[in-house]
Structures are given as C-alpha cells and as structure tokens.
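**Student:** Give the three-dimensional model of this entry:
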Amino acid sequence: SARPKKQSHSSIVYQTFCGQVEVTTRQKKRKSVIVHDQDDRAGSEDENDLRAKQEEKERLEAKSEYEEITTENNFLQLTLDIPEKPLFKDVDGGLVIPQEPLPSVLRKFDGTTFTDAVNASGAMTKRRYRLKKLPDYLILHLARFKKTHSDSTMVITEKNPTIVAFPVKNLDLSRYVSPDGENDTKKDPPTEDQVRAMSVKEVKQLLARHGHAHLTENILEKSELIQLAVDFVSTKLPDLLSHKYTLVANITHHLPAEVGREGGQRDELGEGHYKCHVQHRATQQWYEIQDLHVEETMPQLIGVSESYVLIFERSSLTKK
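**Tutor:** Sure, this is the predicted structure:
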C-alpha cells in the first residue's frame, strides 16, 4: 500500500526554523478596457451631466491606480539587504570598510517601510514586511552578493563589504513583531495566582500556545503540572514574549587582499573563503573555525565581522 506523503511542515527542521511574515505588495492595477455605451441623447439637455459623470469616474480610476495585496507566508530565513556605501582610504593607504547597525538593516521588517521588489513577471513593485511569528531559532541572511555583467559581458559576482554590526546577546526583535501576531508582545503573562487557579486543560493549553507542550508528557499529578507551569511563567515566558535572541553561530566570508585590484574582472564569491564562529556552551568560549583550523576569539570581534549568515537562539531556550 502507498505510504502517506509526509508534509514538509512536519519535519524537525521546519518546526525549528519556521516563522511567519505578512507581506503587503503595492502594485499597479491591471487596466481594463472601458466600453462606453452608445448614447442616443447627444445634443440633449443631460449630455453635459453624462460627460461630467464620465470625467469624475475616470478621475477616481486614476486615483486608485495602485492596489495593495496582503498575504501571510512562512519563512525559514530572513534575507536582509545591505546598503551600498563607498570605501575610503586611511592615512596609510588601507581601505576603511563602512559599518551599518543591524537595526538599520532590519527596518525592512518594521511593518511600515516599503522596499523595491520584483514580482514573478519581472515587473517592479513595492513590498512591506511585518513579522507575525518568530521561530525558536532565527536565521538571518545578509545579502552581500549580487551578479553583474563585466565589460566582456561575462557574469561575475560582486560583494558588498559593508560590515553589519550586531549584538551577540540580547538581540530584541519585539518592535518588529506585529502586536496581533501569535506571540503578542503587549499581552502580560498570567500571574502565579492565575496559573494556580487554572484547570489541567487550561495549563496544557497555556504551555502549548507558547510551544512547550512537550513539558507535560511525563507529568501525572496536577500539583506537579501546576508547579511546572508556575516556573515556566516566571522564568521562560517573559523572554518568549519579549522576543530576545542570543547568537549561536556566525558564518563569515573573507576575500584575499588582492581581489578587486584588477579592474573588477574576478569573481569575488569564487575567490573568497568562509569561516564559522561557534560558542562552547559550557565554558562560554567562542571559537573561529576554518576547515581544520580552530582558534579562540572574542565576542566583540564577532559582532563586527564580515557576516554572511547569522543564527540566533531564543534566549528562553538558552536558560533551560
């Protein structure tokens, strides 16, 4: 017999990294052909009234030339656009790489800013993004690379070297999450007295609503379940509602010093190499890894590196 097809959202990867974003697309309306009815009242007294009504109709149609379409989509990573900034030379002739703070790059998801985008047909549109739900593990992709044509019509990849400065701890994304999303940051958590007055069903619903239904699997006594819920509300829930994150991994891309000095004819993506920063949780020590080479590093240096992919963990999970 045929096995039932496994749904993509049932995988552990999907459950761990999946969030939800509301996308509002502003685009031109499709023009419809207006067929005017034949009017046999030409020259009559109400001809001017008809013409005035037609002109008013056309004016309103021109005013509503654009339309906004809103959809809710799941995501496994958020792609952030890095602004292009000019490079300057210091007194010794070296290049000074510009910096941009992460909150500035995250403005794309503030729910109010429209950014340029290309739709499926290749037409330019405007899009606004509002986060509805954040995952336990958040992947941020910094879009450093873009394809361009050189003088010889060869397609090459250019890199934006701007450094995006970010905090290693306590990255607070509450301001980017919609108040009417699944995790309402404006809703106060229940008090200890309110939790103790809940039924078993209500306690389980509370834990399930915040993604911690698994905590009740081996609990048999109501008193034990209530105490577990009280501990959860007092220690973990505040962090869940505040959307604070801690860095767990950082992937960077580095270019050899000579790349870019030959008229821009070399592919910067192919010429570079990758490094990864990870933390040893027990000792809190950060390490920089490239192939088999491993060395200690400081978190202050990680926050100003040439990051390409950032992986954050919800702070409440770190406290488990």
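**Student:** Roughly how far does Tyr14 sit from Gly211?
**Tutor:** Per C-beta to C-beta, to the nearest Å, Tyr14 is found 14 Å from Gly211. Any C-beta I mention is one placed from the backbone N, CA and C, and that applies to glycine too.
**Student:** same deal with Lys275?
**Tutor:** In terms of C-beta to C-beta, Lys275 sits 32 Å off from Gly211.
**Student:** cool, and Leu247?
**Tutor:** According to C-beta to C-beta, Leu247 stands 21 Å off from Gly211.
**Student:** what do you get for Glu100?
**Tutor:** According to C-beta to C-beta, Glu100 and Gly211 sit 32 Å apart.
**Student:** before we move on, the earlier item: among Leu247 and Gly211, which residue is more densely surrounded?
**Tutor:** Neighbours were counted for Leu247 and for Gly211 using other C-beta atoms under 10 Å; Leu247 has more, 23 against 16.
**Student:** Neighbours of the nearest residue to that one once chain neighbours are set aside, how many?
**Tutor:** Sequence neighbours aside, Val168 is the residue nearest to Leu247 in space, at 4.7 Å (criterion: C-beta to C-beta, 6 or more residues apart in numbering). Residues lying near Val168 (other C-beta under 10 Å) number 18.
**Student:** what kind of secondary structure is Val168 in?
**Tutor:** Per DSSP: H, G, I helix; E, B strand; the rest coil, the secondary structure class of Val168 is coil.
**Student:** Where do the strands of the stretch 51-200 of the chain begin and end?
**Tutor:** For the stretch 51-200 of the chain, strands defined by DSSP state E, counting those that start in this stretch occupy the ranges 66-75, 78-81, 88-89, 95-96, 99-101, 110-118, 124-133, 137-143, 145-149, 155-159, 163-165, 171-172.
**Student:** Now do the first one and strand 124-133, the angle between them.
**Tutor:** It refers to strand 66-75. With axes from the mean of the first three to the mean of the last three C-alpha atoms, to 10 degrees applied, the angle from strand 66-75 to strand 124-133 works out at 40 degrees.
**Student:** residue ranges with poor pLDDT in the protein?
**Tutor:** Scanning the chain for pLDDT under 70 picks out the ranges 1-10, 30-50, 57-64, 90-91, 93-95, 149-154, 180-187, 239-240, 256-270, 318-320.
**Student:** any idea which residue sits dead centre in it?
**Tutor:** Compute the mean C-alpha point of the chain, and by C-alpha atoms, centre = their mean the closest residue is Leu78, 3.2 Å away.
**Student:** Pull the contacting residues for Met198.
**Tutor:** 190, 206, 226, 229 (C-beta atoms under 8 Å, 6 or more residues apart in numbering).
**Student:** Ok, Ser305 next?
**Tutor:** Counting by C-beta under 8 Å, 6+ apart, Ser305 touches 163, 250, 252, 277.
**Student:** Give me the phi and psi for the last one.
**Tutor:** For His277, the backbone dihedrals (degrees, to the nearest 10) come out as phi -110, psi 130.
**Student:** Any figure for the gap between it and Thr148?
**Tutor:** With distances taken as C-beta to C-beta, His277 is found 29 Å from Thr148.
**Student:** Those two: which is more packed in?
**Tutor:** More crowded of His277 and Thr148, by other C-beta under 10 Å: His277, with 23 against 10.
**Student:** Tell me the backbone dihedrals of the nearest residue to that one once chain neighbours are set aside, please.
**Tutor:** Using C-beta to C-beta, 6+ apart and skipping the chain neighbours, the partner closest in space to His277 is Asn250 (4.1 Å). Per-residue torsions, Asn250: phi -140, psi 120 (degrees, to the nearest 10).
**Student:** surely Asn250 meets Val304?
**Tutor:** No - here Asn250 lies out of contact with Val304, judged by C-beta atoms under 8 Å, at a distance of 11.0 Å.
**Student:** where's the residue nearest to the centre of the chain relative to Cys18, distance?
**Tutor:** Distance of Leu78 to Cys18, given as C-beta to C-beta: 12 Å.
**Student:** same check, this time on His273
**Tutor:** 31 Å.
**Student:** and those two? which has more neighbours close in?
**Tutor:** Of the pair His273 and Cys18, Cys18 is the one with more neighbours under other C-beta under 10 Å, namely 19 against 11.
**Student:** in stretch 66-84, what's buried?
**Tutor:** 75, 77-78, 80, 82 (16 or more other C-beta atoms under 10 Å).
**Student:** meant to ask about stretch 297-317
**Tutor:** Buried residues in stretch 297-317 (16+ other C-beta under 10 Å): 297, 299, 302-303, 305-317.
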